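In: Kindly generate the corresponding structure for this input.
(one chain, ligands or ions: 2)
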Amino acid sequence: MDRMIGVIGGSGLYEIAGLEDPRWQRVETPFGPPSDEILTGRLEGVEMAFLPRHGRGHVHTPTSVPYRANIFALKALGVTDVVAVSAVGSLKEAYAPGDFLIVDQFIDRTFAREKSFFGAGLVGHVPFAHPVCPELSALCAGAAMLGGARIHHGGTYVAMEGPQFSTLAESRLYRSWGADVIGMTAMPEAKLAREAELCYACVAMITDYDCWHPDHDAVHVAQVMATAQANAGRARALIAALPGLIAAEAKGCACGRALDGAIMTAPSRRDPGMVARLSPILGRVLKG
Ligand SMILES: CSC[C@H]1O[C@H](OP(=O)(O)O)[C@H](O)[C@@H]1O
Ligand SMILES: Nc1ncnc2[nH]cnc12
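Out: Numbers count the residues shown, from 1 in each chain. Ligands and ions are numbered 1, 2, ... in the order given. The predicted structure is shown next:
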């Protein structure tokens, strides 16, 4: 199966260069437009799609990002593998600003977002114990190393609603839970990617020590953006290294079968409108 890499760029990463046949494409979805047009093209013979999560010029808050439209649009374009790049605060001394962390778990503290493609009329439950694709995450770690980043393998990302940063009490609470990094956007993105049977990996670019660290000032946007911009070159190098690594890999993960047995609603009771709307992403299991 041919793979297509979709990169979701976070704060500080609003475009990528070097694609062959680059084209910003407008994509419509049943959930409205994605955060922005999507840049498509090829890199070393591998089809690529790039979507700036907050839109070019950073117009979406973490709450207003149209997560369902974004994942729907990437799937509709043929994306098989989503690499999400996110700026995060560190909750551990050892994870310093400038480091990259390949996330493997999440704690979802968001509360004001649509988190599922399912709903009344079409109910489904996908497995999410292991929320990222282990193979794509390993490829990202390899690509990050080639890109010259200092990386950490595996860690828990707390997703907060924002847009305000955490209080000191919250930051301490998340540390007491053993969480590693904090951000505002990986949820519900990773949940929706799983429902759409996409491989998903989260590359967290550490930009600050949030507000718990006694020797560092509390996080501020200027600090996040300065570190994100200083790291953008490494993020771009990671993206550039992905096609070469992915082309050599056969897929062995279960992400593409996440919907097997997941749909609860009897065929006769399914809302035909929802079935029609969702068939571009759920079609594999809705047929027949
Ligand atoms: C610019 S500071 C807070 C902002 O940065 C992160 O965005 P992203 O995950 O898209 O890189 C964080 O989640 C907040 O949205
Ligand atoms: N400290 C922090 N908290 C939440 N989101 C962030 N993104 C970057 N740094 C962050």
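In: all strands of the stretch 101-250 of the chain, in order?
Out: Ranges of strands in the stretch 101-250 of the chain, per DSSP state E, counting those that start in this stretch, are 105-108, 151-153, 156-159, 181-183, 199-208.
In: TSV please, covering those and showing mean neighbour count and mean pLDDT.
Out: Where you see a C-beta, it was placed from the backbone N, CA and C, and this is true even at glycine. Formatted as TSV, those follow (neighbours: other C-beta atoms under 10 Å; pLDDT from 0 to 100):
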stretch	mean neighbour count	mean pLDDT
strand 105-108	18	98
strand 151-153	17	97
strand 156-159	24	98
strand 181-183	27	98
strand 199-208	28	98
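In: Out of these, flag the one nearest Gly261.
Out: strand 199-208 (19.4 Å; C-beta to C-beta).
In: Export the closest one to CSV, keeping only CA atoms.
Out: Output in CSV follows, covering the C-alpha atoms of strand 199-208 (Å, rounded to 0.1, in the frame of the first residue of the first chain):
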residue,chain,number,x,y,z
CYS,A,199,-1.3,6.1,12.0
TYR,A,200,-0.6,9.0,14.3
ALA,A,201,2.7,10.1,16.0
CYS,A,202,3.2,13.2,18.2
VAL,A,203,6.5,14.9,18.1
ALA,A,204,6.6,17.3,21.0
MET,A,205,9.1,20.2,20.7
ILE,A,206,9.9,21.3,24.3
THR,A,207,9.8,25.1,24.5
ASP,A,208,9.7,25.9,28.2
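In: Run through the residues of the stretch 151-288 of the chain sitting next to ligand 1.
Out: 162, 183-185, 221, 224 (C-beta under 6 Å from any ligand atom).
In: which residues in the chain form helices?
Out: Using DSSP state H, the helices of the chain run over residues 67-77, 134-146, 168-176, 186-195, 221-247, 272-286.
In: For His153, list each beta-bridge partner.
Out: Note on His153: beta-bridge partners Ile102, judged by DSSP bridges.
In: ok, Arg236 touching Ile16?
Out: Yes - using C-beta atoms under 8 Å, Arg236 is in contact with Ile16, at 6.1 Å.
In: quick one, what contacts the closest residue in space to Asp21 that isn't next to it in sequence?
Out: Nearest non-adjacent residue to Asp21, counting by C-beta to C-beta, 6 or more residues apart in numbering: Gly41, 5.0 Å away. With contacts defined as C-beta atoms under 8 Å, 6 or more residues apart in numbering, the neighbours of Gly41 are 19-23, 47-48.
In: Sketch out the low-pLDDT regions of this protein for me.
Out: For the chain, the stretches with pLDDT under 70 are 1, 288.
In: circling back: so in terms of bridging, what pairs with the residue nearest to Asp21?
Out: Met48.
In: And it, how close does it get to Gly154?
Out: 31 Å (C-beta to C-beta, to the nearest Å).
In: Likewise for Val85?
Out: Per C-beta to C-beta, Val85 is found 17 Å from Gly154.
In: Pick out the residue in the stretch 51-200 of the chain sitting closest to ligand 2.
Out: Gly89 (2.3 Å; C-beta to the nearest ligand atom).
In: Reformat the helices of the chain as JSON lines; add mean neighbour count.
Out: Below are the helices of the chain laid out as JSON lines (neighbours: other C-beta atoms under 10 Å):
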{"stretch": "helix 67-77", "mean neighbour count": "25"}
{"stretch": "helix 134-146", "mean neighbour count": "21"}
{"stretch": "helix 168-176", "mean neighbour count": "15"}
{"stretch": "helix 186-195", "mean neighbour count": "25"}
{"stretch": "helix 221-247", "mean neighbour count": "18"}
{"stretch": "helix 272-286", "mean neighbour count": "16"}
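In: And stretch 164-181, how far out from the chain middle?
Out: With C-alpha atoms, centre = their mean, to the nearest Å as the basis, stretch 164-181 stands 21 Å off its chain's centre.
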